[in-house]
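[1] the sequence isn't on hand, but the structure is:
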C-alpha cells in the first residue's frame, strides 16, 4: 500500500493536461524521445522535457538511454493511473 506522500507525488505528477496527453501518447507509442513527444503534441521542447521530468519523478515514466537519445515509456504504475483516469470520462 502506498503512503500518503507517495500518493501525493503521483497526484501532482498527473495534475496537468499536458502530462496526461504525454501519458496517452506513450501508451500508444512507447520509447519516444522528448523531441518526438514535443513534435507529436506540438509543444515546446523545454515544456515537454519538464513535464516528462515530473512524470518520471512521480514514477509514471521510465527513461532509457539509447546512445545520445533518451527514450521514454510508461511504467506499470503509469499505465494503471492512465487506466484509472479513463474511468473518469
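    Structure's in. What do you need? Nothing here was measured: the structure is a model prediction, and the numbers come from that model. Numbers count the residues shown, from 1 in each chain.
[2] okay, helices next: where are they in this protein?
    Assigned helices in the chain, in chain order: 4-13, 17-28, 34-41, 45-57, 76-87 (criterion: DSSP state H).
[3] got a markdown table for the ones you listed, with mean pLDDT and mean neighbour count too?
    Where C-beta positions appear, they are placed from N, C-alpha and C, glycine not excepted. Formatted as a markdown table, the helices of the chain follow (pLDDT from 0 to 100; neighbours: other C-beta atoms under 10 Å):
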| stretch | mean pLDDT | mean neighbour count |
| --- | --- | --- |
| helix 4-13 | 91 | 13 |
| helix 17-28 | 97 | 17 |
| helix 34-41 | 98 | 17 |
| helix 45-57 | 97 | 18 |
| helix 76-87 | 95 | 14 |
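[4] once you drop chain neighbours, what's closest to residue 10?
    residue 58 (5.1 Å; C-beta to C-beta, 6 or more residues apart in numbering).
[5] who's in contact with the one you found?
    Residues in contact with residue 58 (C-beta atoms under 8 Å, 6 or more residues apart in numbering) are 9-10, 12-14.
[6] which of these sits closest to residue 89?
    residue 14 (14.4 Å; C-beta to C-beta).
[7] need the pLDDT of that closest one.
    Here, the pLDDT recorded for residue 14 equals 93.
[8] burial count for residue 65?
    8 (other C-beta atoms under 10 Å).
[9] repeat that for residue 73.
    16.
[10] same question for residue 32.
    22.
[11] contacting residues for the residue lying closest to it once chain neighbours are set aside?
    Nearest residue to residue 32, sequence neighbours excluded (C-beta to C-beta, 6+ apart): residue 72, at 5.8 Å. Residue 72 sits next to 26, 30-34, 37, 52, 56, 61-64 when contact means C-beta under 8 Å, 6+ apart.
[12] if we can go back for a sec, can I get the contacts of residue 58 in JSON lines with distance to residue 79?
    Compiled in JSON lines, the contacts of residue 58 are given as follows (distance: C-beta to C-beta, whole Å):
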{"residue": "9", "distance to residue 79": "17"}
{"residue": "10", "distance to residue 79": "13"}
{"residue": "12", "distance to residue 79": "19"}
{"residue": "13", "distance to residue 79": "14"}
{"residue": "14", "distance to residue 79": "12"}
